[in-house]
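Q: mind looking at a prediction? Sequence and model below.
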Amino acid sequence: MIPVQAGKRGKGYFPEVRYSRGPRAMGVTGDNSFRTLLGYLWMAVLDRAKGLRLFQAQVPEEGPWALDDPRGPDVAVWIEVEVPPLPHPAREVRHLAFCFDQAARHVVAYEYQGQVYVRQWDPVGQRYVMRGPWPGVDPVLLWDFEVGYFLPDSDVILLHLSPDRSTLVYRVQRELYATAHEVPLPGPSYLDQVLALPYQFEALGAFASDPDATGVAVRSDPYPVYVGDSAGGATLTAPTAWDYIPVVAVQDLGTESAGTATVVAPTAWDYIPIVVVKDLGTEGVGTATLTAPTAWDYMPIVVVKDLGTEGVGTATLAAPTAWDYRLVVVAYDGGTDTAGSATIAPPTQWSYELA
């Protein structure tokens, strides 16, 4: 057993434990499904005597325990999985962070002497490599496949605080974590964890002035919701009575769509910003209709309709009524080689400050 000891945030060097969703087997991507890559439970331990240790929850005589196992976690035990040691002495490392990536390999980050380090799998060199260091404290990690549920656009996100704890910094794996994106905070803070929410992630912590309260809560911009390709008709029906601050809706019909597509407008939605994107792809041989919403209130809005190339049917963009905006951009791209017709109806009863 590892002894447990409590201490002030950022002051001690105690054993640390981090849990993460992960793959059935290290380095095995399988069918690249969410369940295969993130359907199992893993635990990273920063043991001051033995260094970094990695465990997977497994059922004796069966193998890895799935998070959706109806028998619950009581049937599982922790089995240690061998991993390379960290290049720094474990007794001087603090704030361990842990997740997995697209290669089904573990990623760890930590703070050492006021610097943040990341270790990740290099698929080219087929080995683990170190990234950093960067000045900072309190690193946390998240693979945002847990957030957006879309593997091709997913990335590992590293968040940490600046050395003076007044700025939240996030970095992404596809940039090798080299670019620092900064979010100023109201005051010096501690960063405790990052949570995967549906289509958003949230960083949580406390202000140094009140370290026992979860006062820091910073959410990401919303991730797009993808509607898959369709060979027949596709309909995106809008919800009603929703309240959002930011919203992104994406409908991509792909290529060679032989049916029709309809985007039904929502009613009674309240937004601050919204982006609605409708991409018909190429060689659309049917028809497409974007029905305008009614009674929407926005500050900024962008509506984009892209017909792609070689559209041989018709397209209609109906105008909304009774909208109130501060800023509106409406873009219509008819593509090339359009053999049919396209109509944009003028709006009525719109109020703008800038359009």
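A: Thanks, I have it. Numbers count the residues shown, from 1 in each chain.
Q: where does the protein dip in pLDDT?
A: Flagging of the chain using pLDDT under 70 yields the residue ranges 1-15, 228-355.
Q: how about the helices in it?
A: Taking DSSP state H to define them, one finds helices in the chain at 34-38, 145-148.
Q: for these, which one ends up most surrounded?
A: When the helices of the chain are scored by mean count of other Cβ atoms under 10 Å, the highest mean neighbour count falls to helix 145-148 (a mean of 22). Glycine gets a C-beta too; all of them are placed from N, C-alpha and C.
Q: could I get the helices of the chain in a markdown table, plus columns for distance to Leu168?
A: What follows is those, written out as a markdown table (distance: least, Cβ to Cβ, whole Å):
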| stretch | distance to Leu168 |
| --- | --- |
| helix 34-38 | 25 |
| helix 145-148 | 17 |
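Q: so which of those is nearest Gln58?
A: helix 34-38 (15.9 Å; Cβ to Cβ).
Q: just checking, what packs against that closest one?
A: Helix 34-38 sits against strand 16-22, helix 145-148, with contacts defined as 3 or more Cβ pairs under 8 Å, 6 or more residues apart in numbering; DSSP states H and E.
Q: can you list contacts of it?
A: Residues from elsewhere that reach helix 34-38 (Cβ atoms under 8 Å, 6 or more residues apart in numbering): 21-24, 29-30, 66, 68, 100, 102, 104, 143, 145-146, 149, 151.
Q: now for these, which pair is the farthest apart?
A: Between all members of those, the farthest pair (by Cβ to Cβ) comes out as Asp68 and Gln102, at 21.4 Å.
Q: those two: which is more packed in?
A: Gln102 (19 against 7; other Cβ atoms under 10 Å).
Q: so that one sits against Pro152, correct?
A: No: here Gln102 lies out of contact with Pro152, judged by Cβ atoms under 8 Å, at a distance of 9.2 Å.
Q: overlap of the contact sets of the two?
A: Residues touching both Gln102 and Pro152 (Cβ under 8 Å, 6+ apart): there are none.
Q: quick one on the thing from earlier: and the helices and strands packed on helix 34-38 as a markdown table, adding distance to Pro211?
A: Formatted as a markdown table, the helices and strands packed on helix 34-38 follow (distance: least, Cβ to Cβ, whole Å):
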| stretch | distance to Pro211 |
| --- | --- |
| strand 16-22 | 18 |
| helix 145-148 | 28 |
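Q: right, and those - which one's nearest His181?
A: Of those, nearest to His181 by Cβ to Cβ is helix 145-148, at 16.2 Å.
Q: check which helices and strands that closest one sits against.
A: helix 34-38, strand 189-197.
Q: Val75 contacts Glu61, correct?
A: No: contact criterion Cβ under 8 Å: Val75 and Glu61 do not qualify, at 10.8 Å.
Q: residues in contact with the closest residue to His106 other than its chain neighbours?
A: Spatial nearest neighbour of His106, excluding adjacent residues (Cβ to Cβ, 6 or more residues apart in numbering): Phe100 at 5.8 Å. If you count contacts by Cβ under 8 Å, 6+ apart, Phe100 has them with 20-23, 37-38, 42, 106-107, 143.
Q: try 7 Å
A: Contacts of Phe100 were listed using Cβ atoms under 7 Å, 6 or more residues apart in numbering, and they are 20, 22-23, 106-107, 143.
Q: okay if I get the residues you listed as CSV plus distance to Val156 and neighbour count?
A: Formatted as CSV, the contacts of Phe100 follow (distance: Cβ to Cβ, whole Å; neighbours: other Cβ atoms under 10 Å):
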residue, distance to Val156, neighbour count
Ser20, 11, 21
Gly22, 13, 28
Pro23, 14, 24
His106, 11, 25
Val107, 6, 24
Trp143, 5, 22
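Q: can you name the two of the residues you listed that are farthest apart?
A: Among the contacts of Phe100, Pro23 and Val107 lie farthest apart (Cβ to Cβ), at 12.4 Å.
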